[in-house]
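*Asks:* Need coordinates for the following:
(2 chains)
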Amino acid sequence: METENKNWQLVSGTADMDIEDIIRFDYNNKTYCVYKLEDGFFATDGICTHEAVHLEEGLVMDGEIECPMHQGIFDIKSGAAISPPACEDLKTYPVKVENDLVYINIF
Amino acid sequence: MNKISKILILGGGQAAAYAAKEIRSIDIKSDLTIISEEKYLPYERPPLSKDYILDKVTFDDLLFFPENFYKENKINFIGSTQINKVDFDNKKISSSLKNYDYDKLLIATGSTNRHLVISGKTILPEENIIYLRNFEESNILKNKINEANNITIIGGGFIGLEIASSAVQKGKNITILERASQLMGRVIPLEIANLIQDKHKAVGTKIHLNADIKDIKKINNSYEINHNNQILSADLIIIGVGSLPNTEIFQNTSLKIDNGIITDEFSATSIEDVYAAGDVSNFYHPFYQEYMRLESFKHAQNHGINAGKNLIGQKTSYNKIPWMWSDQFNLNLQLTGICNNYDATAQRGSTLEEGIIYFFLKNRKIVGACGLGVGGKIGRDIRLAGKLSEKKTKVTNELLSDKNNKLNKI
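*Replies:* Numbering: from 1, shown residues only, chains lettered A, B, ... in the order given. Presented below is the predicted three-dimensional model:
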C-alpha cells in the first residue's frame, strides 16, 4: 500500500455503526462510503460507476454493496464490479480505527 | 465421461451470455457456441430507450462482456445467423446455409414485439412507425426523434413511457395513447401509475387513457390517428404494445409451448437435453407454485445462469423473487414479487424525494412491493421487501409504514 500520500479524515465513531451499516462521507465535492463489516471497516467511492446514484442508499450483504437503483453489485473490499449493469470497478480507500474513531485516507 | 460435449445456445441476448459464462465457470472442455440473429455480441437493452437515445452512452458501454472475454473463454459467437429449422430427434438446428448439431441445447431466443392491430389490420414498422427491440432500431429511433416534432406513442407501458421521457427531454411534443384505464396496467399498481402519469403531464406530455384507435392514415409525410372520435396528427409514431415469446421456429416440433416454452424449475423443457431461459421461457416457479414468463434484465441474467448450471449437470432450482425497474426522468420505479392476490396494503413514505413504496400483503406476509422515488431512494427497501417475502416473514402495517423501522432488522 502507498504510504506516501496520507490524508486521514474522521468519518465516524466505531459505536455509531452497526454491522452492514453504511455512512456517506463528503469531502472536496466527492462522495465516499464507509462500511462496517464483520471483520472491520472499509471504504469505496460513494457513487455507483453505472449511474450517478448514491451507494449509501444501497444494501450491504455478505461483504457486497448492491446499488439501490439497478442492483449492480460490488465487492466492498476490492471494489470489483461483480454483477451488471455495473461493469466498472469502484475505487477503494484505506480505513483505520484509532481510539474508537474511524478514519478514511483520501489521497 | 471425457467426451467433449457440444453445447449450443440459440439466441444472443443476456440469458445466453450469462449461461455461457456460467457454463465456462464449471466446465472448460465443452465445445460452446452462441448462435444469434443479431450481428452484435450480447448487449444491455434497457439503455436503448433511455441513455442511448439521450447520447449518454455508446454501444461499447452496452456490451456485457468485451470481445476478449469470448475468445479467452473459448465461447464461439456466430452472429447474423437465422435458424429456420429445428430437428430435436437428430439434435440438429439449421440455418439456410448450415447445420449445427448439439448434445445440449439452450434456447434463449427472447421475445419479439407484439404488433399493433387496428380493425383487423396489422401495423408493421415503416419509415416513421417505429417499434423498439434492438440496437439497430434504437439507432433509427434516435435519429427519427431528433428529426420529429410531434410524436405519438402508442402504448403506455414501460417502453412507451421511457421513450416519452427521453423524447420530451429533447424538446419534442409527445402524446401517449393507452388503451387501458391506467398506465403500465399489466403489472404496476394504480397508485404508482398515477404518480408516473402526473410526472409526464407536468412536463407537457398529453396522455389519453382508454384510447380506442380506429384508424391510422398516412397523409404526405405525417399521420392522422383517429381515436375516440378525435384526430391526432403526428410525424412520428412509436409503438410499444408488449411482446411475445420468440417460439415461431418451434411451432411444428414436439416442444411444449404455451405462452413461451414450458420449462420446469431446473430450466429443462419437455425435450431431453433441451433447456430454455429468459423471456422465451414460461417457467415453473416453486416459490409461487405457478408458471410465469418474465421480461426483465435481472431475470434474463439469473435464469440464464440457472440454465447454464443445470445444462452442465449442476441441478439447481430457480426460485428467485421477481424484480424489475424502470427509469423515467429522475424517477426510479421498482417492482418485486407479485402485486396481485393480496388482502392488505401498507404505504411507506409519502413524497417522491424520500420515496414511496406500497407493500402488498397476504396473511400478514409480503407478496410484492412497488415503489417510486428520486434516484435510489426506494431500492434498499424494495430489495428487503423481496427478501422478507422469500423468508415468509410475518409483518404488520405499522412496522412497514414507519420509515424509522429498518427493514433489515426485522
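*Asks:* Would you mind listing what in chain A touches chain B?
*Replies:* Listed as neighbours of chain B in chain A under the rule Cβ under 8 Å from any Cβ of the partner chain: A:20, A:53-54, A:57-59, A:66-71, A:83-85, A:87. Just so you know, the C-beta spots here come from the backbone N, C-alpha and C atoms, and that holds for glycine as well.
*Asks:* Among these, which ones are in strands?
*Replies:* A:L59, A:E66, A:S83 (DSSP state E).
*Asks:* Show me the shaky parts of chain A.
*Replies:* For chain A, applying pLDDT under 70 flags the ranges A:1-4.
*Asks:* Show the average pLDDT along stretch B:367-386.
*Replies:* Across stretch B:367-386, pLDDT averages out at 96.
*Asks:* Out of the ones in strands among the residues of chain A next to chain B, who's the most crowded?
*Replies:* A:L59 (23 neighbours; other Cβ atoms under 10 Å in any protein chain shown).
*Asks:* How about the contacts made by B:K320?
*Replies:* B:K298, B:H299, B:N302, B:H303 (Cβ atoms under 8 Å, 6 or more residues apart in numbering or on different chains).
*Asks:* which one is the residue in the stretch 201-350 of chain B positioned nearest to chain A nearest to, not counting chain neighbours?
*Replies:* Residue of the stretch 201-350 of chain B nearest chain A, by Cβ to the nearest Cβ: B:N332 (5.2 Å). Leaving aside its chain neighbours, B:N332 sits nearest to A:M69 (5.2 Å; criterion: Cβ to Cβ, 6 or more residues apart in numbering or on different chains).
*Asks:* Next, count neighbours for the one you found.
*Replies:* Counted with other Cβ under 10 Å, A:M69 comes out at 26.
*Asks:* gap between it and B:K56?
*Replies:* Note on A:M69: its distance to B:K56, by Cβ to Cβ, to the nearest Å, is 14 Å.
*Asks:* One more: B:D343?
*Replies:* 43 Å.
*Asks:* what's next to the helix or strand where B:N139 lies, contact-wise?
*Replies:* Using DSSP states H and E, B:N139 maps to helix B:135-147. Here helix B:135-147 makes contact (Cβ under 8 Å, 6+ apart) with B:38, B:40, B:43, B:48-49, B:52-53, B:55, B:59, B:62, B:128, B:130-132, B:151, B:163, B:166-167, B:170, B:172, B:236, B:238.
*Asks:* and those residues near chain A, which?
*Replies:* Within these, nothing lies near chain A by Cβ under 8 Å from any Cβ.
*Asks:* Around the closest residue to chain B within chain A, how many other residues sit close by?
*Replies:* Of all residues in chain A, A:P68 sits closest to chain B, at 2.5 Å by Cβ to the nearest Cβ. Using other Cβ under 10 Å, A:P68 has 28 neighbouring residues.
*Asks:* Help me confirm that it comes into contact with B:L384.
*Replies:* No: using Cβ atoms under 8 Å, A:P68 makes no contact with B:L384, being 10.8 Å away.
*Asks:* Quick check: neighbours shared by these two?
*Replies:* Joint contacts of A:P68 and B:L384 (Cβ under 8 Å, 6+ apart) are A:L59.
*Asks:* how about the residues of chain B near chain A?
*Replies:* B:44, B:46, B:64, B:297-298, B:301, B:323, B:325, B:327, B:332, B:375-380, B:383-384, B:408.
*Asks:* Now go through those and say which are in helices.
*Replies:* B:F297, B:K298, B:Q301, B:G379, B:R380, B:R383, B:L384 (DSSP state H).
*Asks:* just the helices in the chain please.
*Replies:* If you meant another chain, say so; for now it's chain A. Using DSSP H, helices in chain A do not occur.
*Asks:* that's the other chain; I wanted chain B
*Replies:* B:14-26, B:59-62, B:67-72, B:135-147, B:158-168, B:190-202, B:297-311, B:379-391, B:397-401.
*Asks:* what's the closest of those to A:W8?
*Replies:* Nearest of those to A:W8, taken as Cβ to Cβ: helix B:379-391 at 29.0 Å.
*Asks:* Right, I'll leave it there.
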